[in-house]
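In: Structure for the following, please:
(one chain, ligands or ions: 1)
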Amino acid sequence: MLIDTHCHINFPDKFPNPSETVEIAKRAGVGKLITVGCDPESSRQAIAVAEQFADVYAVVGWHPTYTKDYTTESLDEIEEMLSHPKVVAIGEIGLDFHWDYATPEQQRVALFDQLDLAVRTQMPVVFHCREAYPQLLDILEKRPPHPYLFHCFAGDATDAKRSLDLGCMIGVDGPITYKNSNTLREVIGQIPHDRLVIETDSPYMPPVPFRGQPNQPAYVKYVNDGLATVLGITAEECADLTTQNALRFFRIDG
Ligand SMILES: [Zn+2]
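Out: Residues are numbered from 1 along each chain as shown. Take a look at the predicted model:
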């Protein structure tokens, strides 16, 4: 069994028929899916999708790029969502200095509020981090230990070491299959096997051979194959270990 630990089948414009998407994924051996919100509305949609399927789970929170609209009051709603039985983490939260839809200050305010919320509710955290690894790691190193996962890890070897020292999990996506991703493969190849999970980030980040097309959870198999090659293990062994890691991190019963 494979687990797609990060997809956005809760985006209705990208996945108008999530039942079909889940069905195709199941036929491709994807036993469980985790669908991730980016603001209160898409978080509510993530829960709605998770309620429809026994093997779909939700992650809720404010993505850094969306935090222009963040208010402290909106956190109450996120907190309420966290008590839903299908919600397994707070996310995707973090810092994104590639896009400037929200200022670094707006991103930081939402990040700190949500990190405090995660501690208060004892929920694992899924990070989105783009061009901001040193800055985000500086923040995390000053905080008490907490279960963290860097979704779609794209940091360098130093960022990886600092993340591992904090106990973080590392999410591997389509780029592990890209021809020009040698640096990423070198970094991922050094990560201890018990820290790795696989994800699609559907509809984004399609793996080879689907580049240029919309991604979907069924394609997590190609990410698993790519990771297995990097680790020098069989696809079956890789599926096994990433599934165990995902179940443990998200506290889902196998
Ligand atoms: Zn995402």
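In: After the longest helix anywhere in the chain, which helix or strand is next? Please name it.
Out: Secondary structure of the chain per DSSP state H: the longest helix is helix 104-121. Heading C-terminal from helix 104-121, the first helix or strand you meet, by DSSP states H and E, is strand 125-130.
In: could you say what helices and strands that next one packs with?
Out: With contacts taken as 3 or more CB pairs under 8 Å, 6 or more residues apart in numbering; DSSP states H and E, strand 125-130 sits against strand 87-96, helix 104-121, strand 148-150. Every C-beta, even on glycine, is put in place using the N, C-alpha and C of the backbone.
In: Including distance to residue 1 and mean neighbour count, could the ones you listed go into TSV?
Out: Shown next, in TSV, are those (distance: least, CB to CB, whole Å; neighbours: other CB atoms under 10 Å):
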stretch	distance to residue 1	mean neighbour count
strand 87-96	17	26
helix 104-121	28	18
strand 148-150	19	25
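In: Which among these is found nearest to residue 5?
Out: Between residue 5 and the helices and strands packed on strand 125-130, the tightest spacing by CB to CB is seen for strand 148-150, at 7.7 Å.
In: ok, now how distant is the spatially most distant residue from the centre of the chain from residue 116?
Out: Farthest-out residue of the chain from its mean C-alpha position, per CA atoms, centre = their mean: residue 73, at 24.8 Å. As judged by CB to CB, to the nearest Å, residue 73 and residue 116 stand 15 Å apart.
In: same deal with residue 248?
Out: Counting by CB to CB, the gap from residue 248 to residue 116 is 24 Å.
In: Likewise for residue 89?
Out: Taking CB to CB, one finds residue 89 at 15 Å from residue 116.
In: Can you read off the backbone torsions of the closest residue to residue 176 other than its chain neighbours?
Out: Leaving aside its chain neighbours, residue 176 sits nearest to residue 226 (4.2 Å; criterion: CB to CB, 6 or more residues apart in numbering). Residue 226 adopts backbone torsions of phi -60, psi -40, taken as degrees, to the nearest 10.
In: now the angle between strand 125-130 and the helix or strand hosting residue 34, please.
Out: Using DSSP H and E, residue 34 maps to strand 30-36. Interaxial angle, strand 30-36 versus strand 125-130 (axes from the mean of the first three to the mean of the last three CA atoms, to 10 degrees): 70 degrees.
In: what's strand 30-36 in contact with?
Out: When contacts are defined by CB atoms under 8 Å, 6 or more residues apart in numbering, strand 30-36 is touched by residues 1-10, 22, 25, 46, 49-50, 53, 55-59, 88-89, 91-92, 126, 151, 199, 217-218, 220-221, 243, 246, 250, 252.
In: Going by neighbour count, list what's buried in it.
Out: Buried residues in strand 30-36, defined by neighbour count with 16 or more other CB atoms under 10 Å: 30, 32, 33, 34, 35, 36.
In: what about the nearest residue to residue 218 once chain neighbours are set aside, how many residues close to it?
Out: Leaving out its chain neighbours, the residue that sits closest to residue 218 by CB to CB, 6+ apart is residue 28, at 3.8 Å. For residue 28, the neighbour count with other CB atoms under 10 Å is 16.
In: Do you know the pLDDT at the residue farthest from the centre of the chain?
Out: Listed pLDDT for residue 73 reads 91.
In: any idea how far residue 79 is from it?
Out: For residue 73, the distance to residue 79 - CB to CB - is 11 Å.
In: quick one, what contacts residue 146?
Out: 115, 118, 119, 124, 125.
In: returning to that earlier point: save the helices and strands packed on strand 125-130 as a markdown table, and put in distance to residue 234 and mean pLDDT too.
Out: What follows is the helices and strands packed on strand 125-130, written out as a markdown table (distance: least, CB to CB, whole Å; pLDDT from 0 to 100):
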| stretch | distance to residue 234 | mean pLDDT |
| --- | --- | --- |
| strand 87-96 | 28 | 98 |
| helix 104-121 | 35 | 97 |
| strand 148-150 | 24 | 98 |
